[in-house]
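> structural data only, the sequence is not supplied:
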């Protein structure tokens, strides 16, 4: 083999703490290395050209680049060697930046370590074999999970692009959190009036199939060919018949069902349609409150329904769909208010979450848009907003900023004044974060035009005093303690991952961060992709986001799906397991351990049982390789011989140096 | 010998081999690098797709051939890129750990940990702690007694 080694300086990123010329000089002595040079920037255009020229002039058939992490530039250099006519798998990277120059302080030791890393890359490369990708057809249908504003945008963009789109929504209506908002910042326009037309478009688009009251039961397959099982939860109403007339809800005698759409402010009927603009506008029964299910009597809805849509016998149903890509837009949930006992959360009825307050402000909300204290229905004359509740709070293990609370708090303060003009508004804040377009101006409006009293400091406690609530906290600008009397306290509760998001992540095989938000593939350059090919993210499921950012991300995800589907066929990764049929004894341990069901049982010509890898399903983890007692199944590009070559060198170099 | 000037490096390094899964721990080590979290330089990292790809025999072979320590790191359980590869790794490596004394290898020379791609700080602390542990144990005696055996293991693999 003729191997070329290129040691990148990365400016001073590497060369600052590693002697790159010495690494190259050492590499020149490695087996089968015919060329070893150092280069200022290997990834730059001239750097890549130098690699191509070296391949052509020196007849190289293997290349090692020692530079940054392969997670950054492996794909770049694979394309480079491919342009020079090499197979892209005849390339290895040694990570001498993230793992050496940036973490070690001693230049000698760093150089020593970098040389070792180049050497093990060479050792592995000597066992590399050219691998060829196979191509497979793409099913050009897309699944969107979650129909909040991000999911709606992604679905509409995909459908407008001509793709058949399947939308799965967990609740009985699309719209998500945005549908619950009264107004939006910084324009203070009606939230559902903006969103409503999009919801209608979603329902009426001929390319979109909507499954409301449904959840993802299972997802299998791979990019281009996913199989998804959707569980349609029983609503006890035949939605094919239901016209959304609402007669059932009017007559329902069980009027104490928890009203989830209104964030548990007020009660609703056991059979209900969540709000007037709901899409689909269909009734569903909450079995935990329905007298028919609790006491086996009533059945009033079934009697009054003009189209006989009520079906108490309805069961969950699982339907299957095939898609080629998935957009996850499952959004967020507010943290449980009961976690904030120090602010009276869950203890005093007049302490509410910001989203509950939003419903109280809304004309379609439980109070009809009239501000009333939940405890006794009086009109509040003083409202205190506490921001950063469960955000930027290390004592709660939540260091993150939820991002949008500063803005909606200002909006709610403004709306409070327009509902009750003589109401005092106070905001306790840590810092004000308003970096969006027109956002800072909006905060200033709340402070100056609407006379909101902004107090910089944390609240220590909220306690009842003379029939009202006393909010005690610090005013760090005045350097004093302060106490404000309130009729209503609104907590800007931090955004957490949506309920069940961890389970969903496991079904989709995507990762999530410490807060449960889904992880993007790269924080800067791949914000929409996940590490699972064909699964994209949109909206607040990736981290707290306001509406414009969610919409932009929905469109971005749709753009990614359309770029993916612009090819007729996709190439599969050839780094998959391969069975050596001569060694395989047909024990099928690999078949039982494979997490992806990528191994099937086949009959050899002599009638014996053998394992066979379905290449398009195999993800290349190598669990089977370790399981096989006969070394009959090998993961390509990470074979035992390749990894042992690295281990061997590392141990041998030690033995040679050792005094023994 | 150092390649810089033909002299021994300024601090005596021990030979520690790390097997890191590509998706979490290798990324975590990258994150530590990006954040400039300084670490001891003894560790040499071998990238594998998944901790489930690490054959326990790799570890045994490394330790019998003279490695002073072996560290395997994967995604946190239930957070595997391949959904359950690290669960297989956990079972295999736990058995291996208990089996090492039978081979005459100090089990403290081997460790398996979970580090996600975002946990640069955790990677730094883990590497530092493990390197310190190995330095406390000192150079592996295996290289003297096991040279012959190591070749046998090499042949067997």
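Perfect, thanks for sending it. Here the structure is a predicted model, which is why all the values come from computation and not from measurement.
> any idea what the most centrally placed residue in chain A is bridged to?
Nearest to the geometric centre of chain A sits residue A:518, at 2.8 Å (CA atoms, centre = their mean). Residue A:518 forms beta bridges with residue A:512, as assigned by DSSP bridges.
> what about residue 100, neighbour count?
Answering for chain A, as no chain was given. Residues lying near residue A:100 (other CB atoms under 10 Å in any protein chain shown) number 28. Placement of C-beta: from N, CA and C, glycine included.
> try chain B instead
Residue B:100, neighbours per other CB under 10 Å, totals 19.
> list the contacts of the nearest residue to it once chain neighbours are set aside.
Spatial nearest neighbour of residue B:100, excluding adjacent residues (CB to CB, 6 or more residues apart in numbering or on different chains): residue B:107 at 4.4 Å. Shown in contact with residue B:107 (CB atoms under 8 Å, 6 or more residues apart in numbering or on different chains): B:97, B:98, B:100, B:101.
> for the residue nearest to residue A:463 when sequence neighbours are not counted, which residues are in contact?
Leaving aside its chain neighbours, residue A:463 sits nearest to residue A:470 (5.6 Å; criterion: CB to CB, 6+ apart). Going by CB under 8 Å, 6+ apart, residue A:470 touches A:462, A:463, A:464, A:483, A:484, A:485, A:486.
> could you say which helix or strand holds residue A:470?
strand A:468-475 (DSSP states H and E).
> count of neighbours near residue A:336?
Count around residue A:336 with other CB under 10 Å applied: 13.
> tell me the pLDDT at it?
The per-residue pLDDT reported for residue A:336 equals 95.
> ok, it to chain B distance?
22 Å (CB to the nearest CB, to the nearest Å).
> contacting residues around that residue?
Counting by CB under 8 Å, 6+ apart, residue A:336 touches residue A:346.
> now the phi/psi pair for it, please.
When read as degrees, to the nearest 10, the backbone of residue A:336 gives phi -70, psi 120.
> pLDDT score assigned to residue A:353?
Reported pLDDT for residue A:353: 97.
> helices of the stretch 251-400 of chain A, residue ranges please.
A:291-295, A:300-304, A:354-361 (DSSP state H, counting those that start in this stretch).
> what of chain B?
B:25-34, B:56-64, B:85-99, B:120-137, B:142-145, B:147-156 (DSSP state H).
> thinking again about what came up before, are any of the contacts of residue B:107 buried, and which?
For the contacts of residue B:107, a neighbour count by 16 or more other CB atoms under 10 Å in any protein chain shown gives the buried set as B:97, B:100.
> just checking, residue A:619 is part of a helix?
No - according to DSSP: H, G, I helix; E, B strand; the rest coil, residue A:619 belongs to no helix; its state is coil.
> mind listing the strands for the stretch 551-660 of chain A?
Taking DSSP state E, counting those that start in this stretch, the strands of the stretch 551-660 of chain A run over residues A:569-571, A:577-579, A:599-603, A:609-613, A:633-635.
> what pairs with the second one, parallel or antiparallel?
I take that to be strand A:577-579. strand A:633-635 (antiparallel).
> what's in contact with the strand it pairs with?
A:575-580, A:584, A:590, A:611, A:613, A:620-622, A:624-625, A:627, A:640, B:49, B:53.
> quick one: buried ones out of the residues you listed?
By 16+ other CB under 10 Å, these give A:575-579, A:584, A:590, A:611, A:613, A:620-622, A:624-625, A:627, A:640, B:49, B:53 as buried.
> before we move on, the earlier item: pick the most deeply packed of the strands of the stretch 551-660 of chain A.
Sort these by mean neighbour count, taking mean count of other CB atoms under 10 Å in any protein chain shown, and strand A:633-635 sits at the top with a mean of 23.
> starting at the chain centroid, how far to that one?
32 Å (CA atoms, centre = their mean, to the nearest Å).
> could you do stretch A:304-314 as well?
That offset, for stretch A:304-314, works out to 38 Å (CA atoms, centre = their mean).
> can you check stretch A:51-69 too?
With CA atoms, centre = their mean, you get 37 Å for stretch A:51-69.
> for it, which residues meet the burial criterion?
Buried-residue list, stretch A:51-69, by 16+ other CB under 10 Å: A:51-52, A:54-55, A:60-69.
> and that stretch, end to end?
18 Å (CA to CA, to the nearest Å).
> just the mean pLDDT for that stretch, thanks.
pLDDT averaged over stretch A:51-69 gives 96.
> is that stretch anywhere near chain B?
Yes - judged by CB under 8 Å from any CB of the partner chain, stretch A:51-69 comes into contact with chain B through residue A:69.
> need the helix or strand of chain A with the lowest average pLDDT.
helix A:640-657 (a mean of 82; mean pLDDT, DSSP states H and E).
> other SSEs contacting it?
helix A:107-125, strand B:16-21, strand B:43-48, helix B:56-64, helix B:147-156 (3 or more CB pairs under 8 Å, 6 or more residues apart in numbering or on different chains; DSSP states H and E).
> save those as TSV, and put in mean pLDDT too.
Putting these into TSV (pLDDT from 0 to 100) gives the following:
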stretch	mean pLDDT
helix A:107-125	95
strand B:16-21	97
strand B:43-48	97
helix B:56-64	94
helix B:147-156	47
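> in chain A, where is pLDDT below threshold?
Flagging of chain A using pLDDT under 70 yields the residue ranges A:653-660.
> test my guess that residue A:341 contacts residue A:347.
Yes - if you go by CB atoms under 8 Å, residue A:341 and residue A:347 touch, sitting 6.2 Å apart.
> just to revisit the earlier point, identify each buried residue in the strand holding residue A:470, please.
A:468, A:469, A:470, A:471, A:473, A:474.
> just to revisit the earlier point, residue A:427 is nearest to which of the helices of the stretch 251-400 of chain A?
helix A:354-361 (11.7 Å; CB to CB).
> related to what we said a few turns ago, out of the contacts of residue A:470, who's nearest chain B?
Lowest distance from chain B to the contacts of residue A:470 (CB to the nearest CB) belongs to residue A:462, with 34.4 Å.
> mind telling me what element that closest one is part of?
strand A:459-465.
> partners of that strand in the sheet?
strand A:468-475 (antiparallel).
> past the strand it pairs with, which element shows up next along the chain?
strand A:480-486.
> quick one: the helix or strand just after that next one to strand A:468-475, angle?
Going down the chain from strand A:480-486, the next helix or strand is strand A:488-493, by DSSP H and E. Per axes from the mean of the first three to the mean of the last three CA atoms, to 10 degrees, the angle that strand A:488-493 makes with strand A:468-475 is 50 degrees.
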